[in-house]
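[1] Structure, please.
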Amino acid sequence: MVGILMPAMAQKVASPNGKLSLETAGEGLRLCYQDQPVLDIPAVGFEGVSAKPAFTFVRKVKADYCMLAGKRLHATNEANEYETALGKGGKMIVRLYNDGLVFRYELTQVSGTLPKEKTTYRIPEGTKRWIQQWTDAYEGFFPLTTSYKTQPVRSFSGTFKSADGWNIRWGYPALIEPRDGVFALLSEANIERLQSASCLYNDGELYRVTPDANTIHVSDDWHTPWRVAIVGGLADIVESTLVTDVSEPCRLTDISWIHPGVVSWIYWAYNHGSDDYNIICKYIDMAATLHLPYMLIDAEWDRMKDGKTVEDAVNYAKEKGVKPMIWYNSSVGWVDGAPTPKYRLNKPEDREKEFAWCEKIGVAGVKIDFFSGDNQMNMDYCLDLLESAARHHLLVNFHGATVPRGWQRTYPNLMSTEGVYGAEWYNNVPTFTKQAASHNATLPFTRNVIGPMDYTPCAFSDSQHPHITSHAHELALTVLYESALQHLADRPESFLAQPQEVQDFLSSLPSVWDDTRFVCGYPGESAVIARRSGHVWYVAGINGTDEAKTLNFSLGNIVSKSSAIQAFYDGKDQKKPWDIKALKQLPTEVACQPRGGFLLKITE
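    Take a look at the predicted model:
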């Protein structure tokens, strides 16, 4: 219910808990945390419209909903909502949640092409930041820098650079530390039909929100997606559900068929293994042995050798009690020279036919790969895929695609999204080997904050390029990273050669969490996160540095009491990679090897 509870021309507004406040500053805004500035937004609105924000209170907003997966199954949040006029027929809606700011623009009677957005964030030189150079697949590092002056790294999408040679295009999420111990994570949420996703283009210290290509002509009311800034300490960042809080509620009437789970995955060890029935069967057998619910048959299954077909593999999986999933090329991104099958999902009638066939033969889900960026065409195509897949009871995993922006709430059959520089890259380049540990310790504070992340963790052996993270580090990633479909990267013979305790752990590994709590860490250096499934807490920690490090922490405010504690620690060397033990009391520190880690399974 709308009510005017504040002066009509408020110049300073606040969140319900009072920690966040928003001040008008000329034609822009200034966001404060505990009365100290954290984010300067010098420009808002659209080009051609000049207006100084003047906020009116609209209502209190409460988010209270359930998820099938994510950081927690029951999410709650609350906000104060305000609005300000933006010229004729337009307004800016602002919500100050307890853990962040969101805003969007609503326009009435738009006619023709969409106006150009002016939203700009100022990130002063000297500010610590972890921002990924933009690529259409969001596969890059988040290096710590204090300047916008960064050399561009050539990507799938080419390079984007200024006249003096610096990179100028950046992807979400963007993490900054404007004050010691205070952070802001910039992203967006709730992409709907007829909208494109956006990224950031910078001109020096000014980073402008720039929607990707959108050629639609509007002749009605229209609004932008939500612009999102999660703000606070690292616990506020890591534990936030703000992206789904402001996304549309579930649109599916029946969700009883949607079941998250752990997956055996063939591609990391065998790039072309899915054209080989016998190799596929090895991964199905591993899934059955370890009681994993799913196995993914990756690219090129339509070219299976020796007279076998994908239906033979699907039938073998079903005989073993394993649910099979299969891969498709989206056929809008990488097409020429790319893996098959292609062009089976682009037309609505072909898509319905293909997904009906999947449902008929017993396929549980689809992995769809190689999209071409954030433009409006791609966004609508993804929504078409999700809706069609839901009609045929298929889980969805988007690869080579944009990062999550809340669709996992609206379409809970979206189990995971790649949008990350993950373990797959041990196949492709040698640079991942040396940077993986630090990168792994950055992702919990950046990419994985905004939604499920198909990093494909946990490899004890090597792919084309070696890994130098410890076994305990690799095992910890299965809990540290949230994904409703958790694809395990390694070979069957490697997993089945691990100690029985490790195999048992993987057999009981949840991919759904009742709660998530930040324990300690700092981007690129270390990360310790606790996640609860039922009466069991899983605490995962990694060392992102090349030096031995002792991680100090307290679990007393998370775990009330414990009846059993199983610990997976770093061993002494490669010959003895594990130190697995039962503990009688909660540890307060763990000594990690360089690029090491640990994992605790605590039964309350």
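[2] contacts and neighbour counts: CA atoms only from here.
    Fine.
[3] OK, contacts around residue 137?
    Residue 137 is in contact with 156, 370-373, 399-402, 419-420, counting by CA atoms under 8 Å, 6 or more residues apart in numbering.
[4] Recalculate using a threshold of 10 Å.
    155-157, 171, 333, 369-374, 399-403, 418-421 (CA atoms under 10 Å, 6 or more residues apart in numbering).
[5] middle-most residue in the chain, spatially?
    By CA atoms, centre = their mean, the chain has its centre lying nearest to residue 451, at 3.5 Å.
[6] Any figure for the gap between it and residue 128?
    23 Å (CA to CA, to the nearest Å).
[7] What ranges does the stretch 101-250 of the chain have for its strands?
    Here the stretch 101-250 of the chain has its strands, by DSSP state E, counting those that start in this stretch, at 120-122, 128-130, 144-145, 169-170, 174-179, 182-189, 198-203, 206-211, 222-223, 226-232.
[8] what is the mean pLDDT for the first one?
    For strand 120-122, the mean per-residue pLDDT is 98.
[9] before we move on, what about the third one?
    Along strand 144-145, the predicted local confidence has a mean pLDDT of 98.
[10] For residue 28, list the residues it contacts.
    Contacts of residue 28 (CA under 10 Å, 6+ apart): 40-45, 51-53, 119-121.
[11] ok, now with 7 Å
    Residue 28 is in contact with 41-44, counting by CA atoms under 7 Å, 6 or more residues apart in numbering.
[12] Quick one: mean pLDDT over the helix or strand where residue 590 lies.
    According to DSSP states H and E, residue 590 maps onto strand 589-592. On average, the pLDDT along strand 589-592 is 98.
[13] again, but for stretch 478-489
    Per-residue pLDDT over stretch 478-489 has a mean of 98.
[14] And for stretch 69-79?
    Stretch 69-79 shows an average pLDDT of 98 in the prediction.
[15] picking up where we left off before, look at the residue nearest to the centre of the chain and tell me its secondary structure.
    Of the three states, residue 451 takes coil under DSSP: H, G, I helix; E, B strand; the rest coil.
[16] Please apply the same query to residue 315.
    When classified by three-state DSSP, residue 315 comes out as helix.
[17] That one: what's it in contact with?
    By CA under 7 Å, 6+ apart, the contact list for residue 315 is empty.
[18] Now stretch 112-126: buried residues?
    By 16 or more other CA atoms under 10 Å, the buried positions in stretch 112-126 come out as 117-124.
[19] An error on my part: the question was meant for stretch 407-416.
    Neighbour counts using 16+ other CA under 10 Å place 407-416 of stretch 407-416 among the buried residues.
[20] As CSV, could you dump the C-alpha coordinates of whichever helix in the chain runs longest?
    Looking across the chain with DSSP state H, the single longest helix is helix 376-391. Taking C-alpha atoms only, helix 376-391 is exported to CSV below (Å, rounded to 0.1, in the frame of the first residue of the first chain):
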residue,chain,number,x,y,z
GLN,A,376,18.4,-8.4,-26.3
MET,A,377,18.2,-11.3,-28.9
ASN,A,378,20.3,-13.5,-26.6
MET,A,379,18.3,-12.6,-23.5
ASP,A,380,15.0,-13.5,-25.2
TYR,A,381,16.5,-16.7,-26.6
CYS,A,382,17.6,-17.8,-23.1
LEU,A,383,14.1,-17.1,-21.8
ASP,A,384,12.6,-19.1,-24.7
LEU,A,385,14.9,-22.0,-23.9
LEU,A,386,14.1,-22.0,-20.2
GLU,A,387,10.3,-21.9,-20.8
SER,A,388,10.4,-24.6,-23.5
ALA,A,389,12.7,-26.8,-21.4
ALA,A,390,10.3,-26.5,-18.4
ARG,A,391,7.4,-27.7,-20.6
